[in-house]
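Novice: can you look at this prediction? I've put the sequence above it.
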Amino acid sequence: MSIPRPRKIALLVALVATLALLCCGGGITALFVGSLTDENKDGLNASSYGCGKGGPVDPDTKLPRIRPYGAEQIRNAAVIINVGADLKMPPRAWVIAVATAMQESRLNNLGNLGTRNDHDSLGLFQQRPSSGWGSPTQVRDPVYAATKFYNKLKTIQGWERMSLTRAAQRVQISAYPDAYAKHEPLATQIVNQLADGAAGAAGDSVTMVCASGRQIAASGWTRPVGAVVGSGFRTASRPTHQGVDLIAGKQTPITAAASGIVSKVKCDEDHSGRRTCNVDGYPGKGGCGWMVEIQHAGDVMTRYCHMIVKPFVHEGQEVTAGEIIGRVGTSGNSSGPHLHFEVHLNNDRSSAGAIDPVRFMREQGTPLGGEG
């Protein structure tokens with residue numbers, strides 16, 4: 001799919017602008033949609049700007065091919081999404097529901113599997129009639145099963161800000177509570193394709209808008225700061241810059257870009273081996289200053305550098321999307337106040353795992369570059 005000429009021009013202007021702006025210490029250091037086909041990736045990019053306003057597709061129409069799932073499995077995902085929309089649940093709930101069904105049944109409406117059956121679990125969500133989910137016939141009706149899932153989700157206080165795996169577990173009470181997380185990236189993309197770019201939506205199915213500012217998108221991601229992008233990712237002038245600089249004033253709150261576990265909090269050493277993070281840095285000093293790393297679903301890791309004081313979180317802490325983890329500063333290898341923000345795949349902290357945060361965040365429906 002070709003990019004429209006106006007968007008090409010806008011992207012070119014943004015790229016030129018990034019080459020001229022602020023410098024920082026990004027020297028330390030396959031998007032998750034790699035499971036999709038190339039044609040699906042084009043479809044994701046095309047739909048990522050709709051923010052769900054066009055509504056979910058009809059499950060009985062021709063649906064896109066989304067590997068590794070077949071036509072009937074994708075139809076079941078479309079049913080789950082449509083039920084969520086009918087119940088006026090926000091798109092974030094659709095992602096949670098689809099990911100749950102991916103784990104429980106691989107989006108297959110399973111009957112009794114005999115000796116391979118988990119007790120009397122049936123249907124898309126492996127709901128058990130003996131536990132009060134409904135009759136065997138009812139729980140094998142995708143509309144009924146999805147309705148029961150959403151109605152239970154509604155009763156969980158604060159589910160909207162929970163990690164996907166915690167919210168799903170509160171509904172399902174699974175013997176494998178951490179198993180849902182690995183499905184979140186692909187579930188997000190399925191919802192995006194089947195519901196007009198709903199991964200970037202905030203609000204319920206009636207008042208849906210494109211996520212902006214501090215809003216958390218249906219993808220579960222939000223901007224770490226509302227700020228313009230300065231120096232870009234691996235530009236011609238800075239090929240070892242493994243992230244982007246988000247230009248913001250000192251003390252601006254920095255939030256976790258998505259739910260996850262804090263894996264690293266430290267004052268990074270400068271080129272002389274010193275840890276002097278409670279003072280302003282300067283170009284050539286080296287190091288990230290005060291920094292935080294967070295591990296997210298899908299083996300994605302984010303890094304936040306140059307904080308003004310020791311971060312507000314500690315290693316091993318669970319954080320939610322939008323939770324304040326520190327404040328913007330200019331510690332370490334820095335020429336002025338900003339947040340240096342990195343995204344890494346496969347929880348690889350090295351430069352080999354780093355990818356372009358601008359592209360990644362755009363595909364989560366939360367593009368970097370200001371509050372609008």
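Specialist: Happy to help now that I have it.
Novice: tell me the secondary structure at Leu339.
Specialist: Secondary structure assignment for Leu339 (DSSP: H, G, I helix; E, B strand; the rest coil): strand.
Novice: look up how far Gln157 lies from it.
Specialist: Using Cβ to Cβ, to the nearest Å, we find Leu339 at a distance of 31 Å from Gln157. Quick note: C-beta positions are derived from backbone N, CA and C, even for glycine.
Novice: what about these two, which has more around it?
Specialist: With neighbours defined as other Cβ atoms under 10 Å, Leu339 and Gln157 compare such that Leu339 has more, 25 against 8.
Novice: chain neighbours aside, what residue packs nearest to that one?
Specialist: The shortest distance from Leu339 to any residue other than its chain neighbours is 4.5 Å, reached at Leu246 (Cβ to Cβ, 6 or more residues apart in numbering).
Novice: I'd say the one you found and Val225 touch.
Specialist: Yes - here Leu246 reaches Val225: they are 5.1 Å apart, a contact under Cβ atoms under 8 Å.
Novice: where does the residue nearest to Leu339 land on pLDDT?
Specialist: As summarised for this prediction, Leu246 has a pLDDT of 97.
Novice: state the phi and psi torsions of it.
Specialist: Taking degrees, to the nearest 10, you get phi -110, psi 110 for the backbone angles of Leu246.
Novice: identify the bridge partners of it.
Specialist: Under the criterion DSSP bridges, Leu246 forms beta bridges with Val229, Leu339.
Novice: residues near it, how many?
Specialist: 28.
Novice: kindly report the same for Gln127.
Specialist: Counted with other Cβ under 10 Å, the neighbours of Gln127 add up to 25.
Novice: do you know the pLDDT at it?
Specialist: Reading off the per-residue confidence, Gln127 sits at a pLDDT of 94.
Novice: got the contact list for it?
Specialist: Gln127 makes contact with Ser121, Trp133, Gly134, Val139, Ala145, Lys148, Phe149 under the criterion Cβ atoms under 8 Å, 6 or more residues apart in numbering.
Novice: who touches both of Leu246 and Val225?
Specialist: Common neighbours of Leu246 and Val225, using Cβ under 8 Å, 6+ apart, are Leu339.
Novice: can you give me the strands for the stretch 1-150 of the chain?
Specialist: Taking DSSP state E, counting those that start in this stretch to define them, one finds no strands in the stretch 1-150 of the chain.
Novice: quick one: low-confidence parts of it?
Specialist: 1-49, 114-119 (pLDDT under 70).
Novice: how about the strands in the stretch 151-300 of the chain?
Specialist: Assigned by DSSP E, counting those that start in this stretch, the strands in the stretch 151-300 of the chain fall at 201-202, 209-210, 228-229, 244-247, 253-255, 260-267, 290-296, 300-307.
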